[in-house]
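J.: Sequence and computational prediction follow.
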Amino acid sequence: MSLCMLTLFILIETAIKTKGVDEQTIIQILTKRTYGQRREIAFAYERRAKKDMISALKGALSGSLETVILGLMKSTAQYDASEIKASIKGLGTDEESLIEILCSRSNAELLEIKQVYKELFKKDLEKDVAGDTSGDFAKLLLALVEAKRAEPSSVVDYEKIDEDARALYEAGVKRKGTDVKTWIAIMSERSVPHLQKVFDRYKSYSPYDMQESIRKEVKGDLEKSFLTLVQCFENKQLYFANRLNDAMKSKGAKEKVVTRIMVSRCEVDLKKIRSEFKAQYGKSLYQTIAEHTKGDYQTALLSLCGGDD
Ligand SMILES: [Ca+2]
């Protein structure tokens with residue numbers, strides 16, 4: 001065990017044991033490190049204290065702070081898999097969470113989530129999603145979970161771009177009703193750079209852009225899913241910035257959404273989300289979090305955010 005890990009172990013152990021719990025120390029240590037480093041601290045803890053650090057943290061912390069810290073003790077894929085599980089377990093389904101995760105993750109991320117889901121819950125993600133959703137919404141989510149999206153190619157296929165753009169138009173705005181199957185196939189199988197060009201080309205066929213067309217053609221969870229997909233294809237970090245802003249602008253921040261985005265993106269693209277946020281709203285994510293959250297939860301989020309822009 002390195003001296004550094006030993007020191008961190010002693011600091012965490014002391015913070016947990018202190019009467020009233022020293023949340024500040026726990027926040028400072030765990031939010032300022034990578035997942036790999038947090039795992040190392042947890043290993044050190046287990047060896048020295050002969051007990052599991054996650055259980056000790058569960059016992060010491062509570063509320064929103066506990067949710068953030070326990071989330072950070074998972075890898076990004078473990079966290080996403082657990083969030084999906086939580087959104088479909090029990091009666092009813094949290095479609096909003098399901099859509100956010102399944103429609104925003106890359107193919108590589110989805111493949112890892114599927115594998116981790118099976119390890120953690122001994123069940124297939126496909127089966128659980130199919131069991132909890134229905135109709136075209138289920139078909140779209142299952143197509144995404146299949147992770148068949150093409151990898152970006154260095155060759156731009158203008159013929160295919162034109163063909164897909166026309167197919168999207170003919171399957172939606174041009175005809176009566178919507179051929180959802182065609183939309184699902186194109187949006188779940190084509191690479192992201194290809195789709196960006198398809199949506200651009202689409203405007204030469206349709207009087208409405210892709211997002212307007214989605215709003216006109218489909219409703220409910222299917223509409224939300226297609227919109228999330230298209231927004232993420234166009235600018236994923238802006239999608240997360242918008243979602244963070246929406247979640248915080250209402251009175252009483254939607255903590256669940258804020259927590260999920262901050263925890264799941266902190267090691268992926270939070271820096272880029274911060275700059276999109278600032279560009280879009282003229283105010284930093286840091287300041288917005290400071291205004292709309294409070295207490296130890298706020299301290300943890302600000303520390304994860306990392307800095308003011
Ligand atoms: Ca139509």
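T.: Done, it's in.
J.: Who are the contact partners of residue 96?
T.: 224, 257 (Cβ atoms under 8 Å, 6 or more residues apart in numbering). Just so you know, the C-beta spots here come from the backbone N, C-alpha and C atoms, and that holds for glycine as well.
J.: What pLDDT is listed against it?
T.: Looking at residue 96, its pLDDT stands at 94.
J.: Near the residue lying closest to residue 309 once chain neighbours are set aside, how many residues? Count them for me, please.
T.: Of all residues not flanking residue 309 in the chain, residue 284 sits nearest, at 4.1 Å (Cβ to Cβ, 6 or more residues apart in numbering). Neighbours of residue 284 under the rule other Cβ atoms under 10 Å: 17.
J.: Just to check, residue 284 is in contact with residue 306?
T.: No: using Cβ atoms under 8 Å, residue 284 makes no contact with residue 306, being 11.0 Å away.
J.: show me the contacts for the residue nearest to residue 309.
T.: By Cβ under 8 Å, 6+ apart, the neighbours of residue 284 are 274, 277, 278, 308, 309.
J.: what about the first one, which helix or strand?
T.: In other words, residue 274. Take DSSP states H and E as the rule and residue 274 turns out to sit in helix 270-281.
J.: hang on, the earlier thing: what touches both of residue 284 and residue 306?
T.: residue 274.
J.: Outline the domain layout of this protein.
T.: The record's domain parsing of the chain by automatic domain parsing lists 3-61, 76-134, 158-230, 237-292.
J.: Straight-line length of the longest one, end to end?
T.: Taking Cα to Cα, to the nearest Å as the measure, domain 158-230 stretches 20 Å from start to finish.
J.: Next: stretch 57-66.
T.: 8 Å.
J.: which parts of the lowest-mean-pLDDT helix or strand in the chain are buried?
T.: Least confident element among the helices and strands of the chain, by mean pLDDT, DSSP states H and E: helix 3-17 (a mean of 88). Neighbour-count burial for helix 3-17, counted by 16 or more other Cβ atoms under 10 Å, picks out 5, 8, 9, 11, 12, 13, 15, 16.
J.: try stretch 109-118
T.: 109, 110, 112, 113, 114, 116, 117.
J.: what about the helix holding residue 274, distance to the chain center?
T.: Its chain's C-alpha centre and that of helix 270-281 lie 16 Å apart, by Cα atoms, centre = their mean, to the nearest Å.
J.: So which elements touch that helix?
T.: Applying 3 or more Cβ pairs under 8 Å, 6 or more residues apart in numbering; DSSP states H and E, we find helix 270-281 packed against helix 220-249, helix 255-265, helix 285-292, helix 295-305.
J.: so which of the buried residues of stretch 109-118 comes closest to residue 25?
T.: residue 116 (29.9 Å; Cβ to Cβ).
J.: now the angle from the helix or strand hosting residue 111 to helix 255-265?
T.: Using DSSP H and E, residue 111 falls within helix 107-121. Put simply, helix 107-121 runs at 110 degrees to helix 255-265, going by axes from the mean of the first three to the mean of the last three Cα atoms, to 10 degrees.
J.: Can you dump the C-alpha atoms of helix 107-121 in PDB for me?
T.: The C-alpha atoms that make up helix 107-121 are tabulated as PDB, following Å, rounded to 0.1, in the frame of the first residue of the first chain:
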ATOM      1  CA  ASN A 107     -22.200   1.900 -28.800                       C
ATOM      2  CA  ALA A 108     -19.100   1.100 -26.800                       C
ATOM      3  CA  GLU A 109     -20.700   2.400 -23.600                       C
ATOM      4  CA  LEU A 110     -23.900   0.300 -24.300                       C
ATOM      5  CA  LEU A 111     -21.900  -2.800 -24.900                       C
ATOM      6  CA  GLU A 112     -20.100  -2.400 -21.500                       C
ATOM      7  CA  ILE A 113     -23.400  -1.600 -19.800                       C
ATOM      8  CA  LYS A 114     -24.900  -4.800 -21.100                       C
ATOM      9  CA  GLN A 115     -22.000  -6.900 -19.900                       C
ATOM     10  CA  VAL A 116     -21.900  -5.200 -16.400                       C
ATOM     11  CA  TYR A 117     -25.700  -5.500 -16.200                       C
ATOM     12  CA  LYS A 118     -25.500  -9.200 -16.600                       C
ATOM     13  CA  GLU A 119     -22.700  -9.500 -14.000                       C
ATOM     14  CA  LEU A 120     -24.500  -7.400 -11.400                       C
ATOM     15  CA  PHE A 121     -28.100  -8.600 -11.800                       C
END
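J.: Flag the shaky bits of the stretch 151-300 of the chain, pLDDT-wise.
T.: 251-253 (pLDDT under 70).
J.: any idea which element the residue nearest to residue 181 when sequence neighbours are not counted lies in?
T.: Counting by Cβ to Cβ, 6+ apart, the nearest residue to residue 181 once its immediate chain neighbours are dropped is residue 139, at 7.6 Å. Using DSSP H and E, residue 139 falls within helix 135-145.
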